[in-house]
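J.: Okay, sequence plus prediction incoming.
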Amino acid sequence: MVCEDCGRSFGNERALGQHVNSKAHASILNPDEHILPTVPSPSVAFNAPPFQPALPEPMEFEDNPKKEAESPRKDNATSKLHALTPLPGKGQGLIAVQDISKGTRILSDKPLFWIPGFRLAESAFEKAVASKFNLLSKDDQMTFLSLHNNIPGGAYPLTSIVKTNALPLGTDASEGGLFPEASRINHACVPNCQHTWNDNIGEETIHAVRHISKGEEITISYADTGPFESRRHSLKESFGFECTCELCSLPEIARAVGDHRQSEIKRLDDLISDGSRLLSHPDKCLEDVHTLLTLLEAENITNTQTPRAYHDAFQIAIIHGDQARAKVFAQRAYEATLCCEGDNSPRTAYVKSLVAKPAADRLFRTSNRWRLSENMIPEILEGERVEAWVWRRSR
Ligand SMILES: C[S@@+](CC[C@H](N)C(=O)[O-])C[C@H]1O[C@@H](n2cnc3c(N)ncnc32)[C@H](O)[C@@H]1O
């Protein structure tokens, strides 16, 4: 199969579909968007945008041998940490049936089926979902049909169920999956769990990012955070519901401080991704990462932003040749990734490899500004003085 825009050939429709949705393809179509910084944005490896199916161009779905021909989905019925229960104003949701400690893998779910994110007209998308649906066992068909439908009575009922429940199959993934249990988890703007597609095991995992008490609702975030109005707008636009989470239910006056912090988090996140600034003003960038982490903590946010911020700090240090601080930041990124994704995720393994050998990063010594070897971590410092050294605030 050949891409009509750039003439490249691909082995199958899925590969072509992935290419059509890729940044490389977008830059062919829009040369003006091809403004990549010299140093790649450090956050890229950790970004997980919300999954959004359905666009023009009819195409048939193709089976994904990796994701669908694996062992049958396991029955999660034993030793569950959660139960499905009706929740006022949200349909149903999962609650914890016992206390759950931070970092626990609450569930790991194989998709009923996956759906590509490339552009399909709604009627073609419905047809393609139907062909996936028809391949399911009767039990799985019932499970799929029992999932929540946020757009009841629409012309494309299967598509509506997909749109209500699909979760992205990976960082930057255009593909989404439908899950018997993970798709039951409601959104919260400051959730207590992180959801991640784990490519090593072909399952969506849910990890507690803080202590969860028995009876508490288990929540994930469907979308990027931000101040109240923009969160509200994007959840309504992309997912079709008005968020009633704890944060959004606060009175306006109580939301003000949080809104200011959320705006700052967004501003700093964007600023830190500026590759040229990492090279020209690394100290300022490091200070921004530190401020970002302080704001995330103040907002009680523990999600992939935390490991991503530490990974950003790692890259700032390693780009400028400071292996000592890079090792400290890699260790912190590793601990935060472990909490969000568990020990068998590809990203956890990747960050662990950075702890073992920071200098293996391809950006090592792009500049020699802070040249420092790994063993130059000062041993005599304690408490605040360690932090001052780590963030280069003692000079
Ligand atoms: C993936 S489903 C979650 C499970 C669903 N509540 C159920 O009954 O199966 C997403 C839907 O749940 C509801 N929902 C999830 N989070 C919510 C929230 N924070 N506020 C209000 N409704 C929410 C919305 O109707 C949304 O379209």
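T.: That came through fine.
J.: and stretch 103-111, is it in reach of the ligand?
T.: No. Stretch 103-111 does not reach the ligand (Cβ under 6 Å from any ligand atom); its nearest approach is 12.4 Å. Heads up, the C-betas are built off the backbone N, CA and C, glycines and all.
J.: what does stretch 245-253 give?
T.: Yes. Using Cβ under 6 Å from any ligand atom, we find that stretch 245-253 touches the ligand at Cys245.
J.: Please save the CA atoms from that stretch in PDB.
T.: Presented in PDB, the C-alpha positions along stretch 245-253 are these (Å, rounded to 0.1, in the frame of the first residue of the first chain):
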ATOM      1  CA  CYS A 245     -15.300  15.300  40.200                       C
ATOM      2  CA  GLU A 246     -14.400  16.600  43.600                       C
ATOM      3  CA  LEU A 247     -12.200  19.300  42.200                       C
ATOM      4  CA  CYS A 248     -14.800  20.500  39.700                       C
ATOM      5  CA  SER A 249     -17.500  20.500  42.400                       C
ATOM      6  CA  LEU A 250     -15.600  23.000  44.600                       C
ATOM      7  CA  PRO A 251     -17.200  26.500  44.800                       C
ATOM      8  CA  GLU A 252     -15.700  29.100  42.500                       C
ATOM      9  CA  ILE A 253     -13.800  30.900  45.200                       C
END
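J.: Can you point out the buried residues in it?
T.: In terms of neighbour count (16 or more other Cβ atoms under 10 Å), stretch 245-253 has its buried residues at 245, 247-248.
J.: before we move on, what about stretch 136-147?
T.: For stretch 136-147, using 16+ other Cβ under 10 Å, the buried residues are 136, 140, 143-144, 147.
J.: Those in strands, which ones?
T.: Using DSSP state E, no member of the buried residues of stretch 136-147 falls within strands.
J.: out of those residues, who's near the ligand?
T.: Restricting the buried residues of stretch 136-147 to those near the ligand - Cβ under 6 Å from any ligand atom - leaves Leu147.
J.: Closest to the ligand out of the buried residues of stretch 136-147?
T.: Leu147 (6.0 Å; Cβ to the nearest ligand atom).
J.: Leaving out sequence neighbours, find the closest residue to that closest one.
T.: Asn165 (4.9 Å; Cβ to Cβ, 6 or more residues apart in numbering).
J.: quick one: the one you found from the ligand, how far?
T.: 4 Å (Cβ to the nearest ligand atom, to the nearest Å).
J.: need the contact list for that residue.
T.: Contact analysis of Asn165 by Cβ atoms under 8 Å, 6 or more residues apart in numbering lists 147-148, 178-179, 183.
J.: Can you give the domain ranges for this protein?
T.: Using automatic domain parsing, the domain ranges for the chain come out as 1-35, 48-225, 252-390.
J.: Please see if the one helix or strand Ile206 maps to touches the ligand.
T.: Using DSSP states H and E, Ile206 sits in strand 203-208. No. Residues of strand 203-208 contacting the ligand under Cβ under 6 Å from any ligand atom: none, with a closest distance of 12.0 Å.
J.: what does the average pLDDT come to for the helix or strand following that strand?
T.: Sequence order places strand 219-220 as the next helix or strand after strand 203-208, per DSSP H and E. Strand 219-220 shows an average pLDDT of 98 in the prediction.
J.: Tell me which strands strand 219-220 pairs with, and in which orientation.
T.: Here strand 219-220 is paired, per DSSP bridges, with strand 186-187 (parallel).
J.: Report the rounded mean pLDDT for the strand it pairs with.
T.: For strand 186-187, the mean confidence score works out to 98.
J.: What lies in contact with that strand?
T.: 87, 90, 93-94, 217, 219-223, 235, 239, 243, 245.
J.: Restricted to helices, list those.
T.: Within the contacts of strand 186-187, residues falling in helices by DSSP state H are 235, 239.
J.: From the chain's centroid, how far away is the helix or strand harbouring Leu354?
T.: Secondary structure from DSSP H and E places Leu354 in helix 346-356. Centroid displacement of helix 346-356 relative to its chain, using Cα atoms, centre = their mean, to the nearest Å, is 17 Å.
J.: That one packs against which elements?
T.: Packing partners of helix 346-356 (3 or more Cβ pairs under 8 Å, 6 or more residues apart in numbering; DSSP states H and E): helix 305-319, helix 323-341.
J.: Swap in 10 Å and give it another go.
T.: Helix 346-356 makes packing contacts with strand 193-198, helix 305-319, helix 323-341 when contacts are defined by 3 or more Cβ pairs under 10 Å, 6 or more residues apart in numbering; DSSP states H and E.
J.: what angle separates it from helix 305-319?
T.: Angle, helix 346-356 to helix 305-319, by axes from the mean of the first three to the mean of the last three Cα atoms, to 10 degrees: 40 degrees.
J.: Contacts for the helix or strand that comes right after helix 346-356 next, please.
T.: Counting by DSSP H and E, the element after helix 346-356 in chain order, helix or strand, is helix 383-390. Applying Cβ atoms under 10 Å, 6 or more residues apart in numbering, the external contacts of helix 383-390 come out as 286, 290, 313, 317, 324-325, 328-329, 332, 377-378, 380-381, 393-395.
J.: ok, of those, which one's closest to Glu341?
T.: Arg332 (14.8 Å; Cβ to Cβ).
J.: Identify the residue nearest the closest one in space, chain neighbours excluded?
T.: Counting by Cβ to Cβ, 6+ apart, the residue nearest Arg332 is Tyr310, at 4.3 Å.
J.: wait, isn't that neighbour in contact with Thr337?
T.: Yes. Between Tyr310 and Thr337 there is a contact at 8.6 Å, judged by Cβ atoms under 10 Å.
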